[in-house]
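> Make a model of this:
(one chain, ligands or ions: 2)
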Amino acid sequence: MIRVENVSFSYTKKVFMEDISFEVQKGEIFGFLGPSGAGKSTLQKILIGLLTGYKGSVQVDGTEVRERDNSFYEKIGIDFEFPSLYEKLTARENLQFFASLYENRGKEAREKRMEELLEQVGLLRDADKKVSDFSKGMKSRLNFIKALLHNPDILFLDEPTSGLDPTNSRLMKDMIITEKQKGKTIIITTHNMEDAAELCDRVAFIVEGKIKALDSPHHLIMEKGTNKLHYSYLNNGAEVTDQCLLKETGQNVQLQNLMREGKILTIHSEEPNLGDIFMEVTGRRLA
Ligand SMILES: Nc1ncnc2c1ncn2[C@@H]1O[C@H](COP(=O)(O)OP(=O)(O)OP(=O)(O)O)[C@@H](O)[C@H]1O
Ligand SMILES: [Mg+2]
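Numbering: from 1, shown residues only. Ligands and ions are numbered 1, 2, ... in the order given. As a prediction, the model looks like this:
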């Protein structure tokens, strides 16, 4: 669905993005994961045709993005990093306005879909309130359903759960999963590694305008991570904790003695999470 080949991009004379290549299959959720300023939003803006001065090739559903025409925007939905809504209009008026910019659905179907979407994100009761009276989380939710209005095949979501409380973040993630189940292709930008690990089929680690690793969260954790074993035992009446690498438990004489003597109090393994792997691979923290 998306093919990016040898893309480079500069805001200034200095090259910022270099040598970016990857593909996204139809029906996949693909994540850009990286710290602030890494270039996630920049890459997303290239993919949606907002930054056309790139070198290399970016094809979205067969269209070279710098040659796009307006029909390009019928098949993609965009949830920008910062909500782009008319503050003086109500939520419903905002949706009606943005829906009117698209051609691909009849008015009736659109109205029905609008009401359904408002209901799904818990905004139906506030639909006739002015957006200026909305909280940050309410604006994020409205901005998100704005991207779904015209039922696009590809969704570009920039930090969709940022600033949301746990309940609304869950709701948003469930809606993203539902879109995937409908066969939509979804590109997500995030620095939240839990969201990335839960939602994404594959993630690209992005640091300073470059892709440092690209694989499924599971593979990245299995291949690059080191699993540890934590255990505790009694020593002169006091609990002592210790740890070793899971793969080295067979050679750990102390641990084996403690086990044989039945002196272990607690024992559990610890698998690295995607944030640990990001740190290992890039030497940078995510947030
Ligand atoms: N319009 C612009 N002109 C010049 N430099 C820009 C512009 N937009 C972004 N940049 C720079 O490009 C770099 C990457 O920005 P970008 O917004 O892509 O980061 P990001 O990974 O999305 O970060 P965040 O997690 O904070 O959203 C930053 O150093 C930023 O200052
Ligand atoms: Mg960003």
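
> all contacts plus neighbour counts: C-alpha atoms, from now on.
OK.

> Please identify which residue in the stretch 151-287 of the chain comes closest to ligand 1.
The nearest approach of the stretch 151-287 of the chain to ligand 1 comes at residue 191, 6.4 Å away (Cα to the nearest ligand atom).

> what kind of secondary structure is residue 21 in?
Under the three-state scheme (DSSP: H, G, I helix; E, B strand; the rest coil), residue 21 adopts strand.

> Confirm for me that residue 64 is in contact with residue 56.
No. The pair residue 64 / residue 56 is not scored as a contact, 10.1 Å apart, by Cα atoms under 8 Å.

> Break the chain down into its domains, please.
Split into domains by automatic domain parsing, the chain comes to 2-222, 226-271.

> avg pLDDT for the first one?
Think domain 2-222. Averaging pLDDT along domain 2-222 yields 92.

> Same question for the last one.
In this model, domain 226-271 carries a mean pLDDT of 91.

> which residue ranges form the strands in the stretch 1-150 of the chain?
2-9, 17-24, 29-33, 55-60, 63-64, 76-79 (DSSP state E, counting those that start in this stretch).

> Now find how far off-centre the fifth one is within its chain.
Spelled out, that is strand 63-64. 24 Å (Cα atoms, centre = their mean, to the nearest Å).

> now swap in the second one and tell me
Strand 17-24 sits 17 Å away from the centroid of its parent chain (Cα atoms, centre = their mean).

> Number the residues from 24 up from this point.
Okay, residue one is now 24; in that scheme the one you just asked about reads as strand 40-47.

> State the paired neighbours of that strand in the sheet, together with their directions.
strand 25-32 (antiparallel) (DSSP bridges).

> Contacts for the longest helix seen in the chain next, please.
Taking DSSP state H as the criterion, the chain has its longest helix at helix 189-204. Defining contact as Cα atoms under 8 Å, 6 or more residues apart in numbering, one finds that helix 189-204 is touched by 50, 51, 52, 144, 160, 164, 183, 184, 209, 218, 222.

> Could you find the closest non-adjacent residue to the fifth one?
In space, not counting the residues next to it along the chain, residue 160 is nearest to residue 187; the distance is 5.3 Å by Cα to Cα, 6 or more residues apart in numbering.

> in what helix or strand does the one you found lie?
Residue 187 belongs to no helix or strand when assigned by DSSP states H and E.

> next one: residue 241
helix 240-247.

> Show me what that helix is packed up against.
Contacts defined by 3 or more Cα pairs under 8 Å, 6 or more residues apart in numbering; DSSP states H and E place helix 240-247 against helix 216-222, helix 297-305.

> Next, the angle from that helix to helix 297-305.
50 degrees (axes from the mean of the first three to the mean of the last three Cα atoms, to 10 degrees).

> who touches helix 240-247?
219, 220, 223, 224, 225, 226, 295, 296, 297, 300, 303, 304.

> Equivalent analysis for stretch 298-305, please.
216, 228, 230, 235, 236, 243, 244, 247, 248, 307, 308, 309.
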